[in-house]
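Student: take a look and give me a structure for this.
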Amino acid sequence: MLTVDFIGLFITVCFIGLRYPHCVLGAAFVHDLGAIIAALFFQGRIDAIVAAGAFGTAAVSGVKAGAPAILVAFGGPLANYLVGASLGGAAWEKTAHLLHPGAALKQPFAVVNLRLAALSALVTIWQLI
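Tutor: Coordinates of the predicted model:
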């Protein structure tokens, strides 16, 4: 079952990229796709997916506890990091622009993916604690 949380997406747009909401939605898609691919890689059964940007979760059963479960939990942030790092946009930006959600960027999709990876990793750690 897929559930779309518009409040979570709106909050993600506010925290990640006010100037580039279309890039934030693309990065949220990459995040959810990463969670799905990680769950399928470890042969888990996907029960539900909540698409809420950085606050999105995937309920997966049938995955062994330990490293596979942690990799499934961090599948979304890992996918965002890989996309952001492979596009190489952070190298062309000023350090202050990497953190400011309203900054004008030269490579917005790469930087938005890196921002979403960081925020989503923090949210995932918070949920696991």
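
Student: out of everything not next to it in sequence, what's closest to the most centrally placed residue in the chain?
Tutor: The chain has His31 as the residue nearest its centroid, 3.8 Å off, counting by Cα atoms, centre = their mean. Using Cβ to Cβ, 6 or more residues apart in numbering and skipping residues adjacent in sequence, the residue nearest His31 is Gly76, 3.9 Å away. (Glycine included, C-beta is placed from N, CA and C.)

Student: quick one: contacts for that neighbour?
Tutor: His31, Asp32, Gly34, Ala35, Ala38, Gly56, Ala58, Ser120, Thr124 (Cβ atoms under 8 Å, 6 or more residues apart in numbering).

Student: next one: Gln127
Tutor: Thr57, Ala73.

Student: sticking with it, tell me its helix or strand.
Tutor: helix 108-128 (DSSP states H and E).

Student: just list the residues touching Leu116, thanks.
Tutor: For Leu116, the contacting residues are Thr12, Ile16, Val24, Ala27, Ala28, His31, Gly53, Ala54, Pro77, Asn80, by Cβ under 8 Å, 6+ apart.

Student: scan these and report the most crowded one.
Tutor: Ala27 (31 neighbours; other Cβ atoms under 10 Å).

Student: show me what the helix or strand where that residue lies is packed up against.
Tutor: Under the criterion of DSSP H and E, Ala27 resides in helix 21-41. In terms of contact count using 3 or more Cβ pairs under 8 Å, 6 or more residues apart in numbering; DSSP states H and E, helix 21-41 is assigned the packing partners helix 6-16, strand 45-51, strand 57-61, helix 67-73, helix 75-87, helix 108-128.

Student: appreciated, that's everything.
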